[in-house]
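J.: Give me coordinates for this.
(one chain, ligands or ions: 1)
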Amino acid sequence: MLALRLWMTAFMAQRASSFAPHPSARVRNAAPAFKLPPLSLFGKKNDDPVVEFVEDPPPTEVYASRMSAADGADLSSSGVVDTDLTTEPSPSPSRPSFAEETDYDVIVVGGGCAGLGTALMLTKTFGLDDSRVLVVERGEKVGTSFRAWPEEMRFISPSFNQQGWTQSFDLNSICWGTSPASLLRAEHPSGEEYALYLEAIAEQSGLQVRAGTEVTDIEDAGEKKEGDRPPGPFRVNLKETSGSQAEATVSSRYIVWAAGEFQFPKDKRTMTYVYKEGEENTGKPKVRFNDMFPGAELCLHNSHVRSWAKLPGDDFLLIGGYESGVDAAYNLAKAGKTCRMVASTPTWCLQTGDPSSELAPYTAARLREVLAPDFSPRPKLFAPLEVVAVVEAKEGGYDVAARWKGAEPEFNDRGLGFKIEEAGNADSLVTLRTPEPPILCTGFEGSVVAQAADLFHFPTPDQEKKSCVGNGPLLTRDDESTRVPGVFLVGPSVTHGELSFCFVYKFRQRFAVVADAICQGLGMDTRAAVEECRRQDMYLDNFATCEDGCGDMC
Ligand SMILES: Cc1cc2nc3c(=O)[nH]c(=O)nc-3n(C[C@H](O)[C@H](O)[C@H](O)COP(=O)(O)OP(=O)(O)OC[C@H]3O[C@@H](n4cnc5c(N)ncnc54)[C@H](O)[C@@H]3O)c2cc1C
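T.: All right, here's what the predicted structure looks like:
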């Protein structure tokens, strides 16, 4: 009930807003035909400081008070394992102060593809002045989460510069007029390469990015009544992530939450929502964290591996058989290492019609390559087999106990020829011994629940909506929080109904929807920019088109 009321309030207020610019908005004429100049990898670095840091920010009531990285296993001894995905190890140089601009129209939390894409949309397409938008990035550079990928990992969605010849453009591009394929000469970029693409955009577009800085709290400055447009201002507390760890407070009319979904490894616990039937949604996500399975703490999460080839050992057991499990199996096999993959679902047999919820063709092709009869060492696939416990074996190594599940009708190889090991009877147990810590390819918990749960309402089971990493928060049709008006969500945890905006080519189409709502709230005329975005295939407000998947036909 509460969620619905807030949705209506925000929606009605926004539609009622006039086109008189808010006094704080420095409005330029929207530049609908904006195109970045050709990107180069050797752009000049913009070191302009944008925030003055002080040592002691005043304590106040906070919306989001838990914005620190999730705890990670201490596995750093191998030398190829990185325990902290959220910060870079090297200390940052201290940043000079810049006291003039501590008030913004928009603060974007996170300098990954969603944060940068939205900031570009706001400034270059909708015409908000660059000085009014600040992107805050916890890592030392933009694209931090991509730099944490194992060396061998590649984008599964292909990059190709088809702009101009088709309705759309490079699937991995965050901004019309740019193409990772063209910049990097790579069809399936590595994480490091893609981070260079993001860096080139950030440096050459003139966006204000405050790197090496994390948003620690977002507070309501309490000057507006509910429903006022623009809402806020919010007071945003910032802290340097290295060096002096100085703190600062800035204010902003709007917040765009773009802190990503792939930084908090699911390695010790699983998360379930625990609303009881008929219970009112009070807004707080009621989640229960259960141990994943006994012994999960003995395992290594795949996101901690920097290189499969350099990982010590030559015989591995992988737990989880979706994209990251298959990626690990492929790269271990290519490095000449033996591996077994235990998967509760044979994902290579599933056809869902949604390209981001079935194994990507690129991944399937690589799996076929290492399963070919003449390939050695060929990975062994066990499915549908669910791990129930891991224990250290007395003789050394680890015993992985697992239970066979029954075959489901949708497990259909469709003649694609993925050779897997013979399955046991349903519910029978099997124990597999492995010399190295088993590797968890079990996915991630999202940043919204991990860091910003107080900014959003979460669905009850009857409203359940699956995002890539679990349940996405409730959003208005403009991707604004139903709980805190003025806070927007961009990136892979955006969901609408059954639709999950997991991949870059999906969630980039919502940047303009968010920019439109914000700029209208600031009193700008957005019509030309919206029209341009529609032409660029960058304004998705009609979800009927997404439901036309070809799963049943192809
Ligand atoms: C292994 C792997 C393979 C993938 N392959 C593909 C693919 O082929 N195609 C595809 O489209 N997608 C792919 N994805 C998904 C894609 O990486 C994500 O959808 C994308 O990174 C989401 O972008 P984002 O900007 O929301 O998050 P991120 O890119 O993770 O950016 C979030 C940023 O926020 C920063 N941050 C977090 N908290 C704070 C804070 N409190 N203050 C300041 N900064 C903060 C982080 O440091 C990070 O840089 C893949 C993901 C993984 C893990």
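J.: In three-state terms, how would Leu196 be classified?
T.: Of the three states, Leu196 takes helix under DSSP: H, G, I helix; E, B strand; the rest coil.
J.: what is the mean pLDDT for the lengthiest strand in the chain?
T.: Taking DSSP state E as the criterion, the chain has its longest strand at strand 247-257. The average pLDDT for strand 247-257 rounds to 94.
J.: cool, stretch 531-550 as well?
T.: For stretch 531-550, the per-residue pLDDT averages 84.
J.: for that stretch, the distance to its chain's centre please.
T.: Here the centre of stretch 531-550 is set off from its chain's centre by 21 Å, with CA atoms, centre = their mean, to the nearest Å.
J.: Any buried residues in it, and which?
T.: Using 16 or more other CB atoms under 10 Å as the test for burial, stretch 531-550 gives Glu532, Cys533, Gln536, Met538, Tyr539, Leu540, Cys546. Using the backbone N, CA and C atoms, a C-beta is placed for each residue, glycine as well.
J.: Stretch 158-169 now?
T.: Pro158, Ser159, Gln163, Phe169.
J.: for the closest residue to the third one other than its chain neighbours, phi and psi?
T.: The shortest distance from Gln163 to any non-neighbouring residue, by CB to CB, 6 or more residues apart in numbering, is to Phe169 (3.9 Å). Geometry field for Phe169 lists phi and psi as phi -150, psi 180, criterion degrees, to the nearest 10.
J.: Identify the residues contacting Phe169.
T.: By CB atoms under 8 Å, 6 or more residues apart in numbering, the contact set of Phe169 is Asn161, Gln162, Gln163, Trp176, Ser179, Gln536, Asp537.
J.: Now do the contacts for the closest residue to Lys337 other than its chain neighbours.
T.: Distances taken as CB to CB, 6+ apart put Asp314 closest to Lys337, at 4.8 Å, once the chain neighbours are dropped. By CB under 8 Å, 6+ apart, Asp314 lies in contact with Gly336, Lys337, Thr338.
J.: Check the average confidence over the helix or strand hosting Leu134, would you?
T.: In the assignment (DSSP states H and E), Leu134 maps to strand 133-136. Mean pLDDT, strand 133-136: 97.
J.: hmm, who's touching it?
T.: By CB under 8 Å, 6+ apart, the residues outside strand 133-136 that reach it are 50-51, 104-111, 115-116, 119, 122-123, 142, 202, 207-210, 213-215, 236, 238, 250, 252.
J.: Tell me which of those residues fall in strands.
T.: Using DSSP E, the contacts of strand 133-136 in strands are 104-109, 208-210, 213-215, 236, 238, 250, 252.
J.: near the ligand, anything from stretch 239-246?
T.: No. Stretch 239-246 lies out of reach of the ligand by CB under 6 Å from any ligand atom, never closer than 8.2 Å.
J.: One more: stretch 201-214?
T.: Yes. Contact of stretch 201-214 with the ligand (CB under 6 Å from any ligand atom) involves Glu214.
J.: and the residue in the stretch 451-554 of the chain that the ligand sits nearest to, what does it touch?
T.: Going by CB to the nearest ligand atom, the ligand is nearest to Gly491 of the stretch 451-554 of the chain, at 2.8 Å. Contact analysis of Gly491 by CB under 8 Å, 6+ apart lists Gly110, Gly112, Cys113, Ala114, Gly115, Ala258, Ala259, Gly260, Glu261, Phe501, Phe507.
J.: cutoff 7 Å now
T.: Gly491 makes contact with Ala114, Ala258, Gly260, Glu261, Phe507, according to CB atoms under 7 Å, 6 or more residues apart in numbering.
J.: mean confidence score for stretch 299-314?
T.: Per-residue pLDDT over stretch 299-314 has a mean of 94.
J.: Return the helix or strand in this protein with minimum mean pLDDT.
T.: When the helices and strands of the chain are scored by mean pLDDT, DSSP states H and E, helix 2-16 comes last with a mean of 28.
J.: Distance-wise, check Ala211 relative to Glu358.
T.: Plainly put, Ala211 is 36 Å away from Glu358 if you go by CB to CB, to the nearest Å.
J.: okay, those two: which has more neighbours?
T.: Neighbour totals were compared for Ala211 and Glu358, and Ala211 leads with 21 against 18 (other CB atoms under 10 Å).
J.: Surely that one is in contact with Glu140?
T.: Yes. Counting by CB atoms under 7 Å, a contact exists between Ala211 and Glu140, whose distance comes to 5.8 Å.
J.: Sheet-wise, list the partners of the strand holding Leu134 with their directions.
T.: According to DSSP bridges, strand 133-136 forms sheet pairs with strand 103-109 (parallel), strand 208-210 (parallel).
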